[in-house]
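Participant: below is the sequence, then the predicted model.
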Amino acid sequence: METKSMKTKVLMKRFAPYYGRYWRTLAFDLFCAALTTVCELLLPMILRYITNQGMQDLASITVGMILRIGLLYFGLRIIDGLAAFYMAYTGHVMGAQIETDMRQDAFEHLQKLSDSYFNNTKVGQIMARITSDLFDVTEFAHHCPEEFFIAGIKILVSFVVLAGINLPLTVIIFVLIPVMAVSCTYFNLKVRAAFRQQRYHIGELNAKIEDNLLGNRVVRAFANQDIEIEKFRQDNQAFLDIKRETYKYMAAFQDTVRMFDGLMYTVVILAGGIFMVKGLVSPGDLVAYTMYVTTLLATIRRIIEFAEQFQRGMTGIERFVEIMDSTVEILDEPGSASMEKVEGGIQFDHVSFEYPDDHNPVLNDISLQIRPGEKIALVGPSGGGKTTLCNLIPRFYDTTRGSILIDGRELKGITLQSLRSSIGIVQQDVYLFSGTVYDNIAYGKPDASRNEVMEAARLAGAHGFISELKDGYDTYVGERGVKLSGGQKQRISIARVFLKNPPILILDEATSALDNESEHVVSQSLERLAQGRTTVTIAHRLTTIQNADRILVLSGGRIAEEGSHRQLLEKKGMYYQLYMSVQDEPSGSLPEGV
């Protein structure tokens, strides 16, 4: 959802600190800008001097004097060229460095955000904000101080010189400038709003393209390509309509500038001509005056034309700030410390939880003690809170009430780095990064040797099939591992956790999406992985958890039953009903919705 536009002053205040690392570059860039401005402002004075001197005493103008003036001006132009090169090269590099710093900060901030943010924000929008939205920041960061600095010098110098030549005419000219600024403000604000709408809509387009490409098999399976094409055509056309609106306001904006441009020249021609006829302005002064007015108008025109770039840059900064202002809900608390030699005891002390965005209660007053090395299984109806309970252990969310302790230490007193380094998670929906098999296993321990990676694969039962791949461990797995089967991806994810070697293990329905043969192989890998570790398993297939030390039945956010497989069957309660319901299921899985 698009948010309300921020004030320019607020955005500039947030952006200004990024110049801090490059203040020397910026200072010299502005010095070079001043040099180029001096060169430009001296030309009318030179022509004024030659013209007036020639009108008064043509014989006083010698070839030597003209040569000296010409050499002086040429020397200034050489300085102007060197200064312009520095501005064009180093100034732009500075802008690119600031853009890079902002993108880095945005990415680092995204790593700190909790699941709540990503659950409510489209990936396409996030990508647009940290890539294309910041492209214009390079030009903005370089040109913004430069353009306003040059404009300030030119307007000030032009006013002083023009007032010295003819004050009444200068007053008329400078009275028109604020009128022109006020007239342009309306269109300027419209352009800003249109650019913001453009950025938001391109984020929506990115999100839809990503959604379509990731779900392309579903699209093809339902033969819905035409529907997707039509949906995209409508969104693409809507983007064109937004750009058409943008260009309308830009055209009105620029046309207003041209009208005032013509009005000022008309004033100079009429008033200047009358003043010259009456002897109040000399021909040389009128030439210089006209050139300074031209410089003044060119400066104003350049600033106004820069307004488009300015608004693009401000829009990019605004969307960047929105990311940076997203609340980091899960962070290291003051005084938190690392864990050493984790044994794996977990305690839930009257834990309740509700998701922050909808406030629907999920867990209600859960108290649970898990001993180090104990194997716990969670079963129950869908929505009973099994996954949520597991997500609280690595602090993907914080409890609403109550506390969770590991080895007697409250989670909020443990640094996130050491807490999550002590927990291994194997999920049903395996995510493999775009890269090689080796890269994905080594993700569990980035500094691991190749032998360690291969040993982890052996323990996970993955070495055999990896060796048969075309390039072995160096085989490219494709986006999200699309080149591998579900069982192969799952074994790679298990190898990744083997390599990490955590004392606490969470298995989130790790075999429910696999066929019977793959499930058997993966289950053996998981049994090896669970040895000697505190293990919490979310079970979809009850046949996989009969050997668990304890089975917890979660229903309605509470622990409804607790005990071993045999004990729970003897109670003939909820677990018994669940177990009997799967006896008629060929897969041995809980029926849908259970």
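Facilitator: Yep, it's here.
Participant: give the contact list for residue 154.
Facilitator: Applying C-beta atoms under 8 Å, 6 or more residues apart in numbering, we find residue 154 in contact with 37, 40-41, 295-296, 299. From N, CA and C alone the C-beta is placed, and that goes for glycine too.
Participant: likewise for residue 185?
Facilitator: With C-beta under 8 Å, 6+ apart, residue 185 has no contacts at all.
Participant: that one and residue 175: what is the separation?
Facilitator: Look at residue 185 and residue 175: by C-beta to C-beta, to the nearest Å, they are 17 Å apart.
Participant: cool, residue 429 as well?
Facilitator: From residue 429 over to residue 175 the distance is 68 Å, taken as C-beta to C-beta.
Participant: so in this protein, which helix runs the longest?
Facilitator: Secondary structure of the chain per DSSP state H: the longest helix is helix 225-277.
Participant: off-centre distance for the helix or strand following that one?
Facilitator: Of the helices and strands lying after helix 225-277 in sequence (DSSP states H and E), the nearest is helix 283-324. When distances are taken as C-alpha atoms, centre = their mean, to the nearest Å, helix 283-324 is centred 29 Å away from the chain's centroid.
Participant: try stretch 119-128
Facilitator: Going by C-alpha atoms, centre = their mean, the spacing between the C-alpha centre of stretch 119-128 and its chain's C-alpha centre is 8 Å.
Participant: got the end-to-end distance for that stretch?
Facilitator: Terminal residues of stretch 119-128 are spaced 17 Å apart (C-alpha to C-alpha, to the nearest Å).
Participant: same check, this time on stretch 117-137
Facilitator: Distance between the two ends of stretch 117-137: 25 Å, counting by C-alpha to C-alpha.
Participant: and if you look at stretch 530-546?
Facilitator: 14 Å.
Participant: now swap in stretch 10-22 and tell me
Facilitator: By C-alpha to C-alpha, the extent of stretch 10-22 from end to end equals 21 Å.
Participant: from the chain's centroid, how far away is it?
Facilitator: Worked out by C-alpha atoms, centre = their mean, stretch 10-22 lies 18 Å from the chain centre.
Participant: contact partners of it?
Facilitator: Contact with stretch 10-22 is made by 26, 94, 97-98, 101-102, 141, 145, 314, 317-318, 321, 324, as judged by C-beta under 8 Å, 6+ apart.
Participant: how about the helices in the stretch 351-500 of the chain?
Facilitator: Here the stretch 351-500 of the chain has its helices, by DSSP state H, counting those that start in this stretch, at 386-392, 416-421, 437-442, 450-459, 463-468, 486-500.
Participant: columns distance to residue 130 and mean pLDDT on top of these, output as CSV?
Facilitator: Listed next are these as CSV, based on distance: least, C-beta to C-beta, whole Å; pLDDT from 0 to 100:
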stretch, distance to residue 130, mean pLDDT
helix 386-392, 26, 90
helix 416-421, 22, 90
helix 437-442, 23, 91
helix 450-459, 31, 90
helix 463-468, 34, 89
helix 486-500, 26, 86
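Participant: out of those helices, which gets nearest to residue 372?
Facilitator: Set against residue 372 and scored by C-beta to C-beta, the helices of the stretch 351-500 of the chain come closest in helix 416-421, at 15.9 Å.
Participant: for stretch 110-124, buried residues please.
Facilitator: Along stretch 110-124, these residues count as buried under the neighbour rule (16 or more other C-beta atoms under 10 Å): 110, 113-114, 116-117, 121-122, 124.
Participant: in strands, which of these appear?
Facilitator: With DSSP state E as the criterion, strands contain none of these.
Participant: farthest pair in those?
Facilitator: Using C-beta to C-beta, the two most remote members of the buried residues of stretch 110-124 are 114 and 124, lying 19.9 Å apart.
Participant: sorry, back to before: which of the contacts of stretch 10-22 count as buried?
Facilitator: For the contacts of stretch 10-22, buried by 16+ other C-beta under 10 Å: 26, 94, 97-98, 101-102, 141, 145, 314, 317-318, 321.
Participant: and residue 376, how close does it get to residue 390?
Facilitator: Residue 376 sits at a distance of 10 Å from residue 390 (criterion: C-beta to C-beta).
Participant: who touches both of those two?
Facilitator: residue 536.
Participant: got the end-to-end distance for stretch 381-392?
Facilitator: 19 Å.
Participant: quick one: which of the buried ones among the contacts of stretch 10-22 is nearest to residue 340?
Facilitator: The shortest gap between residue 340 and any of the buried ones among the contacts of stretch 10-22 belongs to residue 101, at 35.4 Å (C-beta to C-beta).
Participant: so what's the closest one scoring on pLDDT?
Facilitator: With respect to pLDDT, residue 101 has a value of 93.
Participant: how about the contacts of stretch 10-22 in JSON lines, adding distance to residue 416?
Facilitator: Putting these into JSON lines (distance: C-beta to C-beta, whole Å) gives the following:
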{"residue": "26", "distance to residue 416": "37"}
{"residue": "94", "distance to residue 416": "35"}
{"residue": "97", "distance to residue 416": "30"}
{"residue": "98", "distance to residue 416": "29"}
{"residue": "101", "distance to residue 416": "24"}
{"residue": "102", "distance to residue 416": "24"}
{"residue": "141", "distance to residue 416": "33"}
{"residue": "145", "distance to residue 416": "39"}
{"residue": "314", "distance to residue 416": "34"}
{"residue": "317", "distance to residue 416": "29"}
{"residue": "318", "distance to residue 416": "30"}
{"residue": "321", "distance to residue 416": "25"}
{"residue": "324", "distance to residue 416": "20"}
